[in-house]
Structure formats: structure tokens, C-alpha cells
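Chemist: Output the structure for:
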Amino acid sequence: MTPKLRTQLAMRGGKPDRVPVVPQICAPHAIRVAGLPYKETIVDYLRHPEKYDLLVPDCAARYGVDGFRVFLGKLPQTIEWEGDNAYGVDANTGRRTGTVDFQGGGGILPLESSRRQMTDADIEAVSVVPAGECIHGDALRPHKKAVDAYGREYFVIGAPGQFTIETLFPFQGMEQTLMDIVERPDFIIRWGRRQLEASTQRAIAMARLGVDAFYIGETFGQFMSTEQFRTLCLPLFRQFVETLRPYGPLIYLHMCGRVTHLLELMVQTGVDCIEPLDEVGGTAVAEVVERIGSKVALMGGVSTLLLARGSVEGVRQDCRRCVGIAGKYGRYVLAACDMLPTETDPEKVHVMCEVAATAGRYD
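Modeler: Numbering: from 1, shown residues only. Next comes the predicted model:
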């Protein structure tokens, strides 16, 4: 069974030959695995993003895992160094716009001074590019390359862009966004609808390119009440699923942190799979399986703390635990309980594959 078919079957609620492995690799980890100079390559990645479109797919293929995520293509950034730190710079004004994130995803974190409360004018300024044009744009360049290079064998996950509350964070910061959940829910709904329009068009284009699944999510779920999630997020997720379902790709929902109060509502979105079963954040795999494991496929659960700093044997035992609890009856994908930590020893990813091939086999 190919990696693509294996992951498709598991995410559809079936039982493949064995548990699939999709570790959730991001660019910083792939840079380390490739043996490239870390900070220098991240800066080069921001300056010349097209050079690194296959960085993560190549890493996934090298590991021999079953699938990988592909994020939206970025435009080239102007970067300047100051000592060991690097900053994004507005090419027109020469002013610094943010700090290069060497600790997380390898992007640019906006400076606090550049953040402001968003308005209705900002909603109108969100560009909604029709799917037919998206296919030929830079945003989907990495997806096209990944499908062309690896799409026949591997499970390719497209990320059309988030469209709920977390999309406000880069512009406003954490504090203002949390305040808006309480003080400006109507604005959040209007903002989300506009972002949804843009993400939906990109997703339709990705489906036409041949991706196998869509990654959507909301990292602010852990901070919301059930009623806030029901009002501000659930209708948008449902609309995305209903609109994209006829196009073919599967859909999974990423909500990290402690989201046990939202599990049943997450199922109501209509997605095929829920991820990442954030044990470290307070969402226990066993509880998720007990409450919703018969209704939707599950992905994740392996401790990011063990992947980052634990022993190889500790990771092996944690993988066995996740497979034993969540993978017993199929409909499970082995993965980290969030993004695979940058510093993860490659041997630990190989252990994930080893456990899936032994303890995760459905004979």
C-alpha cells in the first residue's frame, strides 16, 4: 500500500495495512536535517522562498514518512542582520517590520510597535483571488511543485490559510485579539467571513492541483468558551467543509492546547480528522478517543517535549502508547502533538516509523 493510500484510508475512518506517520515537519526542522547552516538558511529562505519550496517534502521523503504539509508560498522579503538577530525590513521605507523567528516556524514576527487594532477598512482590503488565478500565483507555487514531485506516492496536505480568530493575531497581537473575542465579536465574524472567502478560493485551486487534504485550524480555541467557539468559529468551519467537500480532498482540523471542552463541537464542523491531540497542552489522547474516537479520525498525540528533549526510548514508548490507545481500530495517523520541534533528533522520527511498522500493523 502506498503512503498516499494508507493515509487516505486512515483519515477516511478505515483500517490500512498499518498506522500512517505524518510527523508535521516544518521548514526549520528540515533545514537542520539537511545539514544547512541554520540561521543563515532561514534568512535565505525568507529572501529567496522559491529555492526552498521542496525543502519539507524532500525531508519527508528522506525519512520515509507517509505525508507532509505544504504552506502558502511567500514573496521575497528584505532582511537585515544585527549581530545574531535578523529583522524584516520594509523595502520602500527602510523601517523594520518584524523579527525573524529562529525559535519557531522561521517566519517574521511583527514588532509590537507595528501592531494595531484592525478595522472594517482592513476587512475590505483583504484580497480574494479567484481559484483560476490562484493556480498560477506564487501562493500555490509550493503546492504545484510538491504534487508534481511527490504527489503520485505521498499524501500531500495543502494549507489554504486560516480564516478564523488566529488570523488577527499577527496584526493586533495576543492581548487585543483576546479582548476582541469579548468586545467585538461582530467584527471577528465579519473578518472571518472575508478571510474564509480568500481561503476557499485557494483551497479550490489546491484541489485542482491535486492535493490530498486541507489543513485548517484555530489556535485560539483553547482560550474560548464553548459558546464563543459555537458563534465565532463553528459556522465558518462548517461552511468551508460544505463548500470544499465536492472537490475531493479530505479535511482535518488543527486545534492545539487544552480543547477538551470543544471536542464535540469540533466533530460538528464536519471534518474528516481532528489533530493534534495535544497531550502537552492538556488534551489527553485517551479522553479524545473515549469521547469522539468513533465519530472522526484522529491524528497526533506524541509528546513534543519528548521529541525535543526526551530520550529515543521515551519517544518509542510514547508512540506505542498513542498507537495502542488511538490506533487500535484504525482511523488514526501517528504524529506529534503539535508541530515537530525544530531540534528533534532524526532518530526519533525514524522511531515513529518503526513503531508504526511494528506495533501499528493491522494484520
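Chemist: Kindly state the pLDDT recorded for residue 111?
Modeler: Here the pLDDT value assigned to residue 111 is 89.
Chemist: again but with residue 327, I slipped
Modeler: pLDDT, read off for residue 327, is 95.
Chemist: count of neighbours near it?
Modeler: 28 (other Cβ atoms under 10 Å). The way it works is simple: take the backbone N, C-alpha and C, and place the C-beta from them, glycine included.
Chemist: Check what contacts stretch 353-363 and list those residues.
Modeler: Around stretch 353-363, the neighbours that count as contacts under Cβ atoms under 8 Å, 6 or more residues apart in numbering are 15-21, 63-65, 316, 319-320, 323-324, 327, 330, 334.
Chemist: for stretch 105-123, same thing?
Modeler: With contact meaning Cβ under 8 Å, 6+ apart, stretch 105-123 is reached by 26-28, 31, 42, 45-46, 77, 88, 96-101, 168, 170-173, 176, 180, 187, 190-191, 194, 339.
Chemist: Can you give the distance from it to the centre of its chain?
Modeler: Mean-position distance between stretch 105-123 and its chain equals 20 Å (Cα atoms, centre = their mean, to the nearest Å).
Chemist: what comes up buried for it?
Modeler: For stretch 105-123, the neighbour count (16 or more other Cβ atoms under 10 Å) marks 106-110, 115, 118, 122 as buried.
Chemist: okay, those residues in JSON lines with distance to residue 1 and secondary structure next?
Modeler: Formatted as JSON lines, the buried residues of stretch 105-123 follow (distance: Cβ to Cβ, whole Å; DSSP: H, G, I helix; E, B strand; the rest coil):
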{"residue": "106", "distance to residue 1": "33", "secondary structure": "coil"}
{"residue": "107", "distance to residue 1": "35", "secondary structure": "coil"}
{"residue": "108", "distance to residue 1": "40", "secondary structure": "strand"}
{"residue": "109", "distance to residue 1": "41", "secondary structure": "strand"}
{"residue": "110", "distance to residue 1": "44", "secondary structure": "strand"}
{"residue": "115", "distance to residue 1": "48", "secondary structure": "coil"}
{"residue": "118", "distance to residue 1": "47", "secondary structure": "coil"}
{"residue": "122", "distance to residue 1": "47", "secondary structure": "helix"}
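Chemist: pLDDT score assigned to the closest residue to residue 1 other than its chain neighbours?
Modeler: Excluding its sequence neighbours, the residue lying closest to residue 1 (Cβ to Cβ, 6 or more residues apart in numbering) is residue 17, at 4.7 Å. Here, the pLDDT recorded for residue 17 equals 97.
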